[in-house]
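A.B. asks: Next input, structure requested:
(4 chains)
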There are 2 protein chains.
Amino acid sequence: MTETPWRPLPSLLAQLKAIAVEQMFGRMADAGFDDVREGHGCVFGFVDLEHGSRLTDVAERARLTKQAVGEAVAELERRGYVERVPDPADGRAKIIKFTERGRAAALTGRRLFAEIESEWAERYGEERIADMRACAEEILEGYGRAGSTGPVPVREDQRLTGATASPS
Amino acid sequence: MTETPWRPLPSLLAQLKAIAVEQMFGRMADAGFDDVREGHGCVFGFVDLEHGSRLTDVAERARLTKQAVGEAVAELERRGYVERVPDPADGRAKIIKFTERGRAAALTGRRLFAEIESEWAERYGEERIADMRACAEEILEGYGRAGSTGPVPVREDQRLTGATASPS
DNA sequence: GTAGGTTTATAAAGCAGCCTGACGATTAAG
DNA sequence: CTTAATCGTCAGGCTGCTTTATAAACCTAC
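C.D. replies: Residues are numbered from 1 along each chain as shown, chains lettered A, B, ... in the order given. Model (predicted):
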């Protein structure tokens, strides 16, 4: 009879997301990728797996500034996940390309997210999780934030920074 | 026939949360509370509406450091939403209490979150939204992050800072 | 009652992730 | 050939949080 206080839906969603991300990075580390952080998601999520992408395009799809993405790219380059090669078609631009390790990490990340979703489906109901996803997609579309902004093959998430600030 | 790329569930959740929070603060401003930010949520969410709370308790429930909460409290005090009065029962402590304006803001915030949830329910299905909430609560409970950490009468959410970094 | 350890709030400094503004280099348009 | 737009990057700044450190008050245990 411990009366539950009522918690705003956004809070629940935020915590759920935080848990999924936490789980994902834990397994990512187990898989040998212990030096990727949530902030790198814009790269793993928006750089084309095969052909690579230009910084500007990634930034636009990720809804971040070029500077922010550039920072993530620089760090991932130092760690051997991506490389920057000059764009043969445009002297100003560079193409961000995954290295083999980077591609492996991106694929692993995608797989892990799917895995966690599957586990939830198994535990809490296949249909319920599917509907949660569908519902989220519908609402987002309603607010004009549908997907298909680009290739977007893999995508971790947004921020992992803070210490799960709120309870929501 | 625009093939949707597949997006990780956490990304969808994060965006959904971001939209709800955005909506909420927009309406909050319309209601005359244009100077509250998401970071203040730890106060509006965890300070007891009637009797006030001590900083330490708020920080613990919000899963933040006392310093972080102290910062939010200081700002809200400057803006007239809360006041700090010495705790008659403990010379070290201070009680963070809502002013009238603060109480009104907290109640408005709670109402707005409920309102947005209701609108979603109306548009996308009463039962679906209810189940989304229930499902989220169940999963959180499964990971030991259930509610009932305290009074928690009102709660906005976590961070509003960035520019909806990812698309997920 | 007083010494030692704990708890209260706060201050100081730092860090991560994002932002804006400014800039050289290159391309595209007139 | 100028002029404007675009690409990537450097520099600086802000916000929200952290860790470390400190004074004051409390709570035992002697």
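A.B. asks: Stretch A:67-76: how far from the chain's middle?
C.D. replies: Distance of stretch A:67-76 from its chain centroid, counting by Cα atoms, centre = their mean, to the nearest Å, is 15 Å.
A.B. asks: Helix, strand, or coil at A:Val85?
C.D. replies: Following DSSP: H, G, I helix; E, B strand; the rest coil, we place A:Val85 in the strand state.
A.B. asks: That one contacts A:Lys94, doesn't it?
C.D. replies: Yes - checked against Cβ atoms under 8 Å, the pair A:Val85 and A:Lys94 is within contact range at 6.5 Å. Every residue, glycine included, has its C-beta placed from N, CA and C.
A.B. asks: for A:Ala89, helix, strand, or coil?
C.D. replies: coil.
A.B. asks: How about the one 3 residues further on?
C.D. replies: The assignment at A:Arg92 comes out as coil when based on three-state DSSP.
A.B. asks: just the one 4 residues further on next, same as before
C.D. replies: Of the three states, A:Ile96 takes strand under three-state DSSP.
A.B. asks: Pairing partners for it in the sheet, please.
C.D. replies: Beta bridges link A:Ile96 to A:Ser53, A:Arg84, judged by DSSP bridges.
A.B. asks: Chain A: helices as residue ranges?
C.D. replies: A:9-30, A:41-46, A:55-62, A:66-78, A:100-124, A:126-142 (DSSP state H).
A.B. asks: Identify, out of those, the most deeply packed stretch.
C.D. replies: helix A:41-46 (a mean of 28; mean count of other Cβ atoms under 10 Å in any protein chain shown).
A.B. asks: now the helices of chain A in a markdown table, with mean pLDDT and distance to B:Asp34?
C.D. replies: Conversion of the helices of chain A to a markdown table gives the following (pLDDT from 0 to 100; distance: least, Cβ to Cβ, whole Å):
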| stretch | mean pLDDT | distance to B:Asp34 |
| --- | --- | --- |
| helix A:9-30 | 94 | 19 |
| helix A:41-46 | 96 | 31 |
| helix A:55-62 | 96 | 29 |
| helix A:66-78 | 96 | 27 |
| helix A:100-124 | 97 | 37 |
| helix A:126-142 | 95 | 26 |
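A.B. asks: With B:Glu100 as the reference, name the closest of these.
C.D. replies: helix A:9-30 (25.1 Å; Cβ to Cβ).
A.B. asks: quick one: is that closest one near chain B?
C.D. replies: Yes - Helix A:9-30 reaches chain B (Cβ under 8 Å from any Cβ of the partner chain) through A:9-17, A:19-21, A:24.
A.B. asks: Figure out how far that helix is from the centre of its chain.
C.D. replies: Using Cα atoms, centre = their mean, the offset of helix A:9-30 from its chain centre is 11 Å.
A.B. asks: Looking only at neighbour counts, state which of A:Val85 and A:Lys94 leads.
C.D. replies: Applying other Cβ atoms under 10 Å in any protein chain shown to A:Val85 and A:Lys94 shows that A:Lys94 carries more neighbours, namely 16 against 11.
A.B. asks: ok, A:Ala114 - contacts?
C.D. replies: By Cβ atoms under 8 Å, 6 or more residues apart in numbering or on different chains, A:Ala114 lies in contact with B:Pro8.
A.B. asks: gap between it and DNA strand C?
C.D. replies: Using Cβ to the nearest atom of the strand, to the nearest Å, A:Ala114 is found at 22 Å from DNA strand C.
A.B. asks: Residues of chain A that sit close to DNA strand D?
C.D. replies: Contact residues (Cβ under 7 Å from any atom of the strand) of chain A with DNA strand D: A:54-56, A:66-67, A:70, A:73, A:84, A:87, A:90, A:92-94, A:162-163, A:165.
A.B. asks: tell me which of those is nearest to A:Ile139?
C.D. replies: A:Ala165 (23.1 Å).
A.B. asks: Out of the residues of helix A:9-30 next to chain B, the closest to B:Met28 would be?
C.D. replies: A:Pro10 (13.0 Å).
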